[in-house]
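>>> got a predicted structure here, sequence first:
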Amino acid sequence: MCAQKTLDMDKTNIASPQSLNSLEMGRDDVHVVCTYGKIAVWFGKNVPDYVIAQVIIGISKVDPSAVNEFEIICDFDDITEYESKGYTLVSYGKTTGGYRVNYSIPFSSKKALFHLSKYILQELKLGDSRKDIYWNGNDSDIHRLYTELNNSIENWKLKAINYKEGTAN
């Protein structure tokens, strides 16, 4: 098990000879934590819709193979409705109240990302929204994502970097 070192950041350069364990970035109304396998995004209740779009589009620019997975229970006839939104059906099975359906939302599909943004806006009417996005990001991709979001979103900040100690890129 590796020891870890965390640094709090203002406008610090994120380049280092050490491998990243995680990188935290965002602003008051949105928080993003990147690791090699996952991007965890928290949207606060008052985040503007254009910032949601900028985060989602930024992720899709850096890694179009990224996906968000979700599960719902719905009627059988509704399964194809979600597919028509660009979602990819992963699995389904009969359960109490209908069908338990798993979808992945591909970040390569503008149509799917549009519907994901709409869904997040609906969730925000009830409170905060959290989304886990799965990707194959590495140090370079995490740096590119930070740069992309920092260049496109006002007041974007680097919040913390967690390096793996004793490793080199």
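That came through, no problem.
>>> ok, the residue of the chain most remote from its centre to Ile73 distance?
Here the chain reaches farthest from its C-alpha mean at Thr96, the gap being 30.5 Å by C-alpha atoms, centre = their mean. From Thr96 across to Ile73, the span is 8 Å (C-beta to C-beta, to the nearest Å). C-beta coordinates here come from the backbone N, C-alpha and C atoms, glycine included.
>>> likewise Gly127?
Counting by C-beta to C-beta - Gly127 and Ile73 are separated by 21 Å.
>>> cool, Cys34 as well?
31 Å.
>>> quick one: which of the two has more around it?
A direct count of neighbours by other C-beta atoms under 10 Å for Cys34 and Ile73 places Cys34 higher, at 25 against 13.
>>> what residues are up against that one?
By C-beta atoms under 8 Å, 6 or more residues apart in numbering, Cys34 lies in contact with Leu20, Ser22, Leu23, Glu24, Met25, Gly137, Ile142, Leu145, Tyr146.
>>> could you do Asp49 as well?
By C-beta under 8 Å, 6+ apart, the neighbours of Asp49 are Ser117, Leu121.
>>> backbone dihedrals for it, please?
The phi and psi values for Asp49, taken as degrees, to the nearest 10, are phi -60, psi -30.
>>> ditto for the one 5 residues further on
Per-residue torsions, Gln54: phi -60, psi -40 (degrees, to the nearest 10).
>>> separation between it and Val32?
According to C-beta to C-beta, Gln54 stands 11 Å off from Val32.
>>> of these two, which one has the most company?
Val32 (24 against 19).
>>> that one pairs with what?
As for beta bridges, Val32 partners with Met25, Val41 under DSSP bridges.
>>> confirm for me that it is in contact with Leu149.
Yes: Val32 is within contact range of Leu149, at 7.1 Å (criterion: C-beta atoms under 8 Å).
>>> which neighbours do those two share?
What both Val32 and Leu149 touch, as defined by C-beta under 8 Å, 6+ apart, is the set Met25, Val55.
>>> what about the residue lying closest to Gly37 once chain neighbours are set aside, distance to Ile73?
Spatial nearest neighbour of Gly37, chain neighbours left out: Tyr134 (6.4 Å); criterion: C-beta to C-beta, 6 or more residues apart in numbering. Per C-beta to C-beta, Tyr134 is found 22 Å from Ile73.
>>> how about Thr35?
In terms of C-beta to C-beta, Thr35 sits 30 Å off from Ile73.
>>> what do you get for Ser65?
Going from Ser65 to Ile73 by C-beta to C-beta gives 28 Å.
>>> likewise Gly86?
21 Å.
>>> right, I'll leave it there.
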